[in-house]
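Student: Have a look at this fold, sequence not included:
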């Protein structure tokens, strides 16, 4: 243990104390407002639905707290507890090349982490989601999804990891610039491939049938100047009762996707308004802005790692005796979230700002009244609480709280 060990422990205590405090505020605030539907929703949301959302939010929060406690304990075991050091010592002792030993050690740690996180994922799916009527998945489907995710990580992630570690070992002091370029290029490639290669491995995407809804959506696309490879219905109901809509992909590989659950619950004009909101993100260049912000943060992260990799105290302070590029990369991925908690509310602020801008776009290209009614249905059917704690939502919510978002849309109607 050295000075950095104590800095890490202090940062860990502060970070998770803030998170637990915010979680407690959220649970208390939601519980205290459980008995009555907010005034803005009294004519559209039943008391039963409001209380269901409150109970669902509180239960998910409790599970999140348990998951956080497990994460803290496991992080301490991996770092100052010597877990990472043991993994690297084991694979190095097998006389493998430094590159292969590093890949194997990192893969071992992430596999153990996946196993540790599995019980909470199972409980979330088959206890909480089942209790509130959202789970449609079977144990067989759940196992299939886990194995498919593991396969994709192995087939896609491992070669990427190998390339980055090779760059770290071979390029010289500016390796971090090359690694950044590789990671950003890979992210863009995955974004381009996701709609047609990755997503269909998990779900079935059926082209929207000809009819009034498709005609309405195509009219919206024409008005907005949006081109895509098609409009698809995704069989989200095979896993969950939650509904959503999104567009995905880059360049000429963009797709518009509606969950089948959403299509069943919203009318045609509401679906048009929801899609107009999603197109608003595209038209307002939110995707590009987020990509630029992510690229800058990634570059800064690699630059910091490029400095830390030469600091013996960084390794020793986190329980690793023998420095290596692979160990530095793994330690940085494990502990950086502890030191970057302050970024979360800043990111959430800009994401909420983007949501308001997308709502403004939707109001201009569809009926704001239908956007409101569609949102209310989605809040109710997804059991999203209408009364989140203001401070918790400011820290965690990427979308504005329901009452604020609805009020913003209503103001657009009044000024129209």
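Tutor: Here it is on my side, so go on. Please read these numbers as outputs of a predicted model, since none were measured by experiment.
Student: State the mean pLDDT of whichever strand or helix holds residue 294.
Tutor: Per DSSP states H and E: residue 294 is located in helix 286-308. Here helix 286-308 scores 93 as its mean pLDDT.
Student: ok, now stretch 231-246?
Tutor: Per-residue scores along stretch 231-246 average to 85.
Student: And that stretch, what's buried?
Tutor: 231, 232, 233, 234, 236, 239, 240, 241, 242, 243, 244, 245 (16 or more other C-beta atoms under 10 Å). No exception for glycine: its C-beta is placed from N, CA and C like everyone else's.
Student: Spatially nearest residue to the fifth one (excluding sequence neighbours)?
Tutor: With C-beta to C-beta, 6 or more residues apart in numbering as the criterion, residue 236 has its nearest non-adjacent residue at 3.8 Å, and that residue is residue 259.
Student: what residues are up against that neighbour?
Tutor: For residue 259, the contact set (C-beta atoms under 8 Å, 6 or more residues apart in numbering) comprises 233, 234, 236, 237, 242, 243, 244, 245.
Student: let's go with 7 Å and repeat that
Tutor: Residue 259 is in contact with 234, 236, 243, 244, 245, counting by C-beta atoms under 7 Å, 6 or more residues apart in numbering.
Student: for the helix holding residue 294, packing partners?
Tutor: helix 175-193, helix 325-339 (3 or more C-beta pairs under 7 Å, 6 or more residues apart in numbering; DSSP states H and E).
Student: after the last one comes which helix or strand?
Tutor: Next helix or strand after helix 325-339 toward the C-terminus (DSSP H and E): helix 343-365.
Student: again with the longest one
Tutor: Under the assignment DSSP H and E, the closest C-terminal helix or strand after helix 175-193 is strand 205-207.
Student: Adjacent strands (with direction) for that following strand?
Tutor: strand 231-234 (antiparallel) (DSSP bridges).
Student: contacts for the partner strand?
Tutor: Contacts for strand 231-234 (C-beta under 7 Å, 6+ apart): 203, 205-208, 214, 217, 255-260, 263.
Student: which of those are buried?
Tutor: Among these, those scoring as buried are 203, 208, 217, 255, 256, 257, 258, 259, 260, 263 (criterion: 16+ other C-beta under 10 Å).
Student: Not counting sequence-adjacent ones, nearest residue to the second one?
Tutor: Spelled out, that is residue 208. Spatially, and ignoring its direct neighbours in sequence, residue 208 is nearest to residue 231 (4.3 Å; C-beta to C-beta, 6+ apart).
Student: So what sits opposite the one you found in the bridge?
Tutor: Beta-bridge partners of residue 231, counted by DSSP bridges, are residue 256.
Student: what's the longest helix that the chain contains packed up against?
Tutor: For the chain, the longest helix by residue count, based on DSSP state H, is helix 47-78. The contact analysis (3+ C-beta pairs under 7 Å, 6+ apart) places helix 47-78 against helix 3-32, helix 98-123.
Student: Return the distance of residue 129 relative to residue 388.
Tutor: Relative to residue 388, residue 129 is positioned 20 Å away (C-beta to C-beta, to the nearest Å).
Student: same thing with residue 107?
Tutor: In terms of C-beta to C-beta, residue 107 sits 38 Å off from residue 388.
Student: between these two, who's got more neighbours?
Tutor: residue 388 (21 against 17; other C-beta atoms under 10 Å).
Student: these two touch, right, residue 50 and residue 385?
Tutor: No: under the criterion of C-beta atoms under 7 Å, residue 50 makes no contact with residue 385, lying 8.4 Å away.
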